[in-house]
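Engineer: Sequence first, then the predicted structure, then my questions.
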Amino acid sequence: MKEYTDFAKSRRENTSAESFHKANLILIGGGSCSGKTTIALAIGRRLTGLKTVIISQDSYYKDLSYLPWQERTKVNFDHPDAIDIDFLLSDLKKMMAGKPVNVPAYDFVTHTRQEGNLCVANAEVIILEGIFALYYPELLQMSDLKIYLDSDADIRLARRLQRDILERGRSVESVLNQYLETVKPSHQAFIEPTKKNADIIIPGEKEFDKVLIMLNGYLQHELLSS
Ligand SMILES: Nc1ncnc2c1ncn2[C@@H]1O[C@H](COP(=O)(O)OP(=O)(O)O)[C@@H](O)[C@H]1O
Ligand SMILES: Nc1ccn([C@@H]2O[C@H](COP(=O)(O)O)[C@@H](O)[C@H]2O)c(=O)n1
């Protein structure tokens, strides 16, 4: 789990669960290391006055503990079938209705998913970030705003090399092999085409300052006035 932050004291904290309004869902898609988590956190920090949670789609990767180790490493994690979409949709529907959900914890070293200890309840804004955030039709239908982070493949690979070695227990060789065998072709086949589903496409290599001011103005207007 990347992050959960209750960015603001809820403006509806006295509201009972029964009368809870539907939470707003913001989807942030784009390639691996395009900057999805970075901008999700920045958006969340600025949404003052709203109880905001950030959910990583990575938390809903299928649990591969039933497979021998060598088999796990051969899985294409950049194919939409790698995500347990039914589980994710079920949790999101509960979250959007204000019900409590324990977000699972995913381990990139062992490729396994465990029960998480993070409980989300009464969120007013849910930000879901992930490479397939703009892929599944049912997810798109549930959402209020769809953002695609667009970053050059070479920039993303450079970021990924650093991240996967430092944070995900990978070697240079394994990152490069995985990139050429599955990450790059699947990006072109499944992720890049989801750009057309976005309401906004944001360049993922620049500072986000201006984009954040514009987005914040839009979101404060749409969410706080509703
Ligand atoms: N606009 C940006 N400029 C420079 N570095 C960035 C930018 N956005 C993200 N990064 C860096 O790239 C890496 C991957 O970003 P992250 O937001 O985790 O990507 P994603 O969630 O899409 O995989 C992180 O080290 C992050 O600090
Ligand atoms: N066991 C796993 C699961 C996923 N990956 C890679 O993670 C990438 C998605 O995460 P981002 O934070 O980069 O969006 C995806 O490209 C998978 O290849 C993995 O390596 N191992």
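Structural biologist: That came in fine, so what should we check first? Ligands and ions are numbered 1, 2, ... in the order given.
Engineer: what's around N117, how many residues?
Structural biologist: 10 (other CB atoms under 10 Å). Placement of C-beta: from N, CA and C, glycine included.
Engineer: who does whichever strand or helix holds it pair up with?
Structural biologist: Element membership of N117 [criterion: DSSP states H and E] is strand 112-120. Here strand 112-120 is paired, per DSSP bridges, with strand 101-107 (antiparallel).
Engineer: Just the buried positions in the partner strand, please.
Structural biologist: For strand 101-107, burial by neighbour count (16 or more other CB atoms under 10 Å) applies to V101, V103, P104, Y106.
Engineer: Average pLDDT for that strand, rounded please.
Structural biologist: For strand 101-107, the mean per-residue pLDDT is 97.
Engineer: what about that strand, near ligand 1?
Structural biologist: No: using CB under 6 Å from any ligand atom, we find that strand 101-107 stays clear of ligand 1, coming within 13.4 Å at best.
Engineer: Now do the helices in this structure.
Structural biologist: Listed in chain order, the helices of the chain (DSSP state H) span 36-46, 69-72, 85-96, 137-142, 153-167, 172-178, 184-186, 209-219.
Engineer: Just the angle for the third one relative to strand 101-107, thanks.
Structural biologist: Angle of helix 85-96 versus strand 101-107, following axes from the mean of the first three to the mean of the last three CA atoms, to 10 degrees, is 140 degrees.
Engineer: Report all helices and strands that helix 85-96 contacts.
Structural biologist: strand 52-56, strand 101-107, strand 125-129, helix 137-142 (3 or more CB pairs under 8 Å, 6 or more residues apart in numbering; DSSP states H and E).
Engineer: How about the first one?
Structural biologist: Here helix 36-46 touches strand 24-30, strand 52-56, strand 125-129, strand 145-150, helix 209-219, going by 3+ CB pairs under 8 Å, 6+ apart.
Engineer: Spell out which parts of this protein neighbour ligand 2.
Structural biologist: That would be S32, C33, K36, D58, Y61, F77, D78, F108, H111, I131, V183, which are the residues of the chain within reach of ligand 2 (CB under 6 Å from any ligand atom).
Engineer: where does the chain dip in pLDDT?
Structural biologist: Within the chain, the ranges that satisfy pLDDT under 70 run 1-21, 224-226.
Engineer: what residues does it put near ligand 1?
Structural biologist: For the chain, the residues in contact with ligand 1 (CB under 6 Å from any ligand atom) are 30, 32-38, 159, 163, 204-206.
Engineer: Could you pick out the buried ones from the residues you listed?
Structural biologist: G30, S32, C33, S34, G35, K36, T37, R159, G204.
Engineer: dump the residue contacts of the fifth one.
Structural biologist: This points to G35. L149, S151, I202, G204, E205, F208 (CB atoms under 8 Å, 6 or more residues apart in numbering).
Engineer: T38 is in contact with the last one, correct?
Structural biologist: Yes: counting by CB atoms under 8 Å, F208 sits close enough to T38 to count as a contact (7.5 Å).
Engineer: Check the burial of I191 by counting its neighbours.
Structural biologist: For I191, the neighbour count with other CB under 10 Å is 24.
Engineer: does it really touch Y135, like I thought?
Structural biologist: Yes: using CB under 8 Å, I191 makes contact with Y135 at a distance of 7.5 Å.
Engineer: Identify the contacts common to these two.
Structural biologist: Contacts common to I191 and Y135, judged by CB under 8 Å, 6+ apart, are G29.
Engineer: what about K93, neighbour count?
Structural biologist: Neighbours around K93, by other CB under 10 Å: 13.
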